[in-house]
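Visitor: Sequence first, predicted coordinates after that:
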Amino acid sequence: MKEKRGSGGFYAWLFQRITGVVLVVLLLLHFWVTHGLPKPEGVTYERIAPRLATPTWKVIDLIFLVCALYHGLNGVWMVVQDYVHSERWQGIIFLLLVTVGVVLFFLGASTVIAFKAV
């Protein structure tokens, strides 16, 4: 007897939780580094840009981007699965979400990777 393959719902659920935790940690790190460390000159482009141009922060920003995109688009997909009952429309919406995700990833990644402090 052949077992029916699952829909992948467990992994979507698991990665939704993992990306949520990662987003909270990265957001707290962002607020602490940007606003929490005492700097008399405040938050300015001249102070922030050199840090954002380093490879370490580029990796952190790319992780932030990937987690935010997955978390947000997967959340929309979960709502679609709950309220759109037509498999045809679910397929169309899924392809639309994947397309939006890929486009936003390449726009964000090209911005992060190419960024240089002036």
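Guide: Received it, and whenever you're ready, just let me know what you need.
Visitor: counting contacts, what elements does the helix or strand hosting Ile93 pack onto?
Guide: If you go by DSSP states H and E, Ile93 is part of helix 87-114. Under the contact criterion of 3 or more C-beta pairs under 8 Å, 6 or more residues apart in numbering; DSSP states H and E, helix 87-114 touches helix 55-83. Where C-beta positions appear, they are placed from N, C-alpha and C, glycine not excepted.
Visitor: so where's the chain uncertain?
Guide: 1-8, 38 (pLDDT under 70).
Visitor: Closest to the centroid, which residue in it?
Guide: In the chain, the C-alpha nearest the mean C-alpha coordinate belongs to Ala68, at 2.0 Å (C-alpha atoms, centre = their mean).
Visitor: So Val43 sits against Thr34, correct?
Guide: Yes - with contacts counted by C-beta atoms under 8 Å, Val43 reaches Thr34, the gap being 6.0 Å.
Visitor: How many neighbouring residues does Gly20 have?
Guide: 13 (other C-beta atoms under 10 Å).
Visitor: isn't it right next to His71, touching?
Guide: Yes - if you go by C-beta under 8 Å, Gly20 and His71 touch, sitting 6.1 Å apart.
Visitor: circling back to that earlier point, the residue nearest to the centre of the chain and Ala114, how far apart?
Guide: 19 Å (C-beta to C-beta, to the nearest Å).
Visitor: follow-up on the earlier one: neighbour count: Val43 and Thr34, which is higher?
Guide: Shown here are Val43 and Thr34; by other C-beta under 10 Å, Thr34 has more neighbours (13 against 9).
Visitor: check contacts around the more buried one.
Guide: Applying C-beta atoms under 8 Å, 6 or more residues apart in numbering, we find Thr34 in contact with 43, 48.
Visitor: quick one: secondary structure of it?
Guide: Secondary structure, DSSP: H, G, I helix; E, B strand; the rest coil: Thr34 is helix.
Visitor: So it versus Phe106, what's the distance?
Guide: 25 Å.
Visitor: repeat for Tyr83
Guide: 29 Å.
Visitor: These two: who's more crowded?
Guide: Phe106 (10 against 7).
Visitor: what sits against the more buried one?
Guide: Counting by C-beta under 8 Å, 6+ apart, there are no residues that Phe106 touches.
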